[in-house]
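Trainee: Compute the structure for the input listed below.
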Amino acid sequence: ATRDSHQRLPVTAGRPIRVLHVGKFYPPVPGGMERILQLLCENERPGVDSRVLVANLERTTVREDLAGVPVTRLASLGRIGSVGICPTLPFWLRRLGGDLVVVHEPNPVALVSVVLARPRGRVLVWFHSEVVRPRWRYRLLYRPFLRAVLRRASRIIVSSPELARHAVELQDFRDKCVVVPFGVDTERLAATAEVRARVDALRTRHQTPILLFVGRLVPYKGVDVLLRALHGIEATTLLVGDGPLRTMLETQARELGLSRVRFLGEVSDTGLTALYHAADLLVLPSVTRAEAFGVVQLEAMACGVPVVSTNLPSGVPWVNQHDKTGLVVPPGDAAGLRQALHALLTDRPRREALGRYARERVGREFTLTRMVHLTSELYREVLGDAPYAGSVGA
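Mentor: Predicted structure coming up:
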């Protein structure tokens, strides 16, 4: 493995590595980035002492212990997009510190805070996705801080080789990039007796094949394209998630005469697991590279559900392999999406074969155990405690 040129700081023998994760939010706030952060922190122990620093949804700072993970939620003055504005973040970065500070990006407030606070410990950047913003605003307000933190970072973690290959801002730092595929907690997705009862109720209620979408109702998710694709599709479409486009999308569904579309909003973990097991297909119709991976693809695949997703320059089609775990169509192509949905909904043997391979692929490549192991080994490599077993320079 390639070594960076910084002085090595060996970890004290017998002591857990102290890691401060800096994210946008933390569960129960929903989101794929938030869920990955939670899985890491709850499962890195005992070799890693993980702590979390994120924004609160309120104007108060709250410190709490969640499943053994110390979480500090900082007072927020409001939000810009999906990011909380926390003026005290630089202070808390310096106060909490750690052997390692892991910045979960995109997170402009965290980037500015790292530059200002210069926290103790090595910095790693977990690069979840690219930022898709107006060019002038990005270059003026975001890019300088991102590049400053990427220069300081000992390693940059990406969830797929495709993200490292296509992300513009990573091209000057490819030698620092390390691929750690996201993993899912398959135990949480198990078909328990309660889940099976809910699945039976869902199938009895709808009496048709079930298409499932899970995600925030925001422009890059492409739900408007999905709604246009549903004309003539004999299925019930269940949309899980909320967001600023919900009212507009509900209006669009009514205007298109889509009587079998249901907007479910946020659901419980058990409710979501039941929906995965009840679904015949998961559809992820995202239209921009802001969709860098699609954790919901893994969750559906772990339940034996094939996926229809889009051919984005990101990790999305790397996860869902065309004609192996599902189908991949051009982004923004309602006709192509309709054709793919129809092809699988009318061919149950093919659908089931794709679902079986999807479940096997998750078990080989995308387990929680593998994600935590690779991450923990990377921490030790950065601190000079051990060589990294994975590959550096994605």
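Trainee: mind listing the strands for the stretch 201-350 of the chain?
Mentor: For the stretch 201-350 of the chain, strands defined by DSSP state E, counting those that start in this stretch occupy the ranges 210-214, 236-240, 261-265, 281-284, 307-310, 326-329.
Trainee: Tabulate those strands in a markdown table, adding columns for distance to residue 19, mean pLDDT and mean neighbour count.
Mentor: For the C-beta atoms, the positions are set from N, CA and C on the backbone; glycine is no exception. Formatted as a markdown table, the strands of the stretch 201-350 of the chain follow (distance: least, CB to CB, whole Å; pLDDT from 0 to 100; neighbours: other CB atoms under 10 Å):
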| stretch | distance to residue 19 | mean pLDDT | mean neighbour count |
| --- | --- | --- | --- |
| strand 210-214 | 29 | 98 | 25 |
| strand 236-240 | 31 | 98 | 23 |
| strand 261-265 | 34 | 97 | 17 |
| strand 281-284 | 31 | 98 | 27 |
| strand 307-310 | 32 | 98 | 27 |
| strand 326-329 | 35 | 98 | 25 |
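Trainee: low-scoring stretches of this protein, by residue?
Mentor: 1-14, 81, 132-139, 385-394 (pLDDT under 70).
Trainee: Would you map out the domains in it?
Mentor: What automatic domain parsing lists as the domains of the chain is 17-183+367-382, 193-365.
Trainee: can you give me how far the last one is from the chain middle?
Mentor: For domain 193-365, the distance from its own C-alpha centre to the chain's C-alpha centre is 16 Å (CA atoms, centre = their mean, to the nearest Å).
Trainee: end to end, how far does that domain reach?
Mentor: Criterion CA to CA, to the nearest Å; first-to-last residue distance in domain 193-365 is 27 Å.
Trainee: what's the following helix or strand after the helix or strand encompassing residue 363?
Mentor: Assigned by DSSP states H and E, residue 363 falls within helix 348-365. Downstream of helix 348-365, the next assigned helix or strand under DSSP H and E is helix 368-382.
Trainee: Show me what that next one is packed up against.
Mentor: strand 17-22, helix 32-43, strand 122-127, strand 155-158 (3 or more CB pairs under 8 Å, 6 or more residues apart in numbering; DSSP states H and E).
Trainee: okay, those in CSV with distance to residue 262 and mean neighbour count next?
Mentor: Formatted as CSV, these follow (distance: least, CB to CB, whole Å; neighbours: other CB atoms under 10 Å):
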stretch, distance to residue 262, mean neighbour count
strand 17-22, 35, 24
helix 32-43, 22, 22
strand 122-127, 34, 24
strand 155-158, 35, 25
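Trainee: of all those, which lies closest to residue 238?
Mentor: Of all these, the one in closest proximity to residue 238, counting by CB to CB, is helix 32-43 (18.3 Å).
Trainee: Return the alpha-carbon coordinates of the next helix or strand after the closest one using CSV.
Mentor: Downstream of helix 32-43, the first helix or strand assigned by DSSP H and E is strand 48-55. Written as CSV, here are the backbone C-alpha positions of strand 48-55 (Å, rounded to 0.1, in the frame of the first residue of the first chain):
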residue,chain,number,x,y,z
VAL,A,48,-12.4,1.9,18.2
ASP,A,49,-13.9,4.5,20.6
SER,A,50,-16.3,6.3,18.2
ARG,A,51,-17.8,9.6,19.0
VAL,A,52,-20.2,11.7,16.9
LEU,A,53,-20.5,15.4,16.3
VAL,A,54,-23.5,16.6,14.2
ALA,A,55,-26.1,19.3,13.9
